[in-house]
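S.K.: Give the three-dimensional model of this entry:
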Amino acid sequence: IADQTDGVDECKTLTNLSQNNTAINDSIRIPQDVGLFCLHGVKTGQLECKCSTGYIGDRCEISVCQNFCLNGDCSASSDGQPTCKCRNGF
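M.R.: Below you'll find the predicted structure:
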């Protein structure tokens with residue numbers, strides 16, 4: 001391998017590739033939210049979700065019940081607010 005690396009001081013980062021004799025610049029990036037998905041809801045636009053009742057977050061990934069009830073069962077009311085039904089003794 002030494003004979004293949006003789007004279008090579010350092011590796012350089014690849015910054016562009018050529019395809020069909022046209023340079024492709026790596027600064028062209030795909031937007032982060034292309035192919036946006038909504039976990040608990042529906043996609044309403046290219047970058048927006050409409051969450052189902054009881055879910056929030058950019059992609060409807062957070063339950064409003066998350067960490068809400070310590071000793072009970074949580075459910076979302078019709079207006080999307082968390083409610084707690086305590087277990088016996090609490």
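
S.K.: how about the strands in this structure?
M.R.: 16-19, 22-25, 41-45, 48-51, 55-56, 62-63, 72-76, 82-86 (DSSP state E).

S.K.: Can you pull the poorly scored residue ranges out of the protein?
M.R.: Residues of the chain meeting the criterion pLDDT under 70: 1-35.

S.K.: Double-check C74 against Q81; I have them as touching.
M.R.: No: applying CB atoms under 8 Å, one finds C74 not in contact with Q81, separated by 10.5 Å. Placement of C-beta: from N, CA and C, glycine included.

S.K.: is it possible to export the strands of the chain to CSV including mean neighbour count?
M.R.: Shown next, in CSV, are the strands of the chain (neighbours: other CB atoms under 10 Å):
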stretch, mean neighbour count
strand 16-19, 9
strand 22-25, 9
strand 41-45, 12
strand 48-51, 16
strand 55-56, 18
strand 62-63, 16
strand 72-76, 15
strand 82-86, 13
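
S.K.: rewinding a little: overlap of the contact sets of C74 and Q81?
M.R.: When contacts are counted by CB atoms under 8 Å, 6 or more residues apart in numbering, C74 and Q81 are jointly contacted by V64.

S.K.: what sits against the residue nearest to G57 when sequence neighbours are not counted?
M.R.: Leaving aside its sequence neighbours, G57 sits nearest to C51 (CB to CB, 6 or more residues apart in numbering; 7.3 Å). Shown in contact with C51 (CB under 8 Å, 6+ apart): C38, H40, G41, G57, C60.

S.K.: Now with 10 Å, please.
M.R.: By CB atoms under 10 Å, 6 or more residues apart in numbering, the contact list for C51 reads 38-42, 57-62, 64, 80.

S.K.: swap in Y55?
M.R.: By CB under 10 Å, 6+ apart, the contact set of Y55 is 38-41, 49, 61-66, 76, 80.
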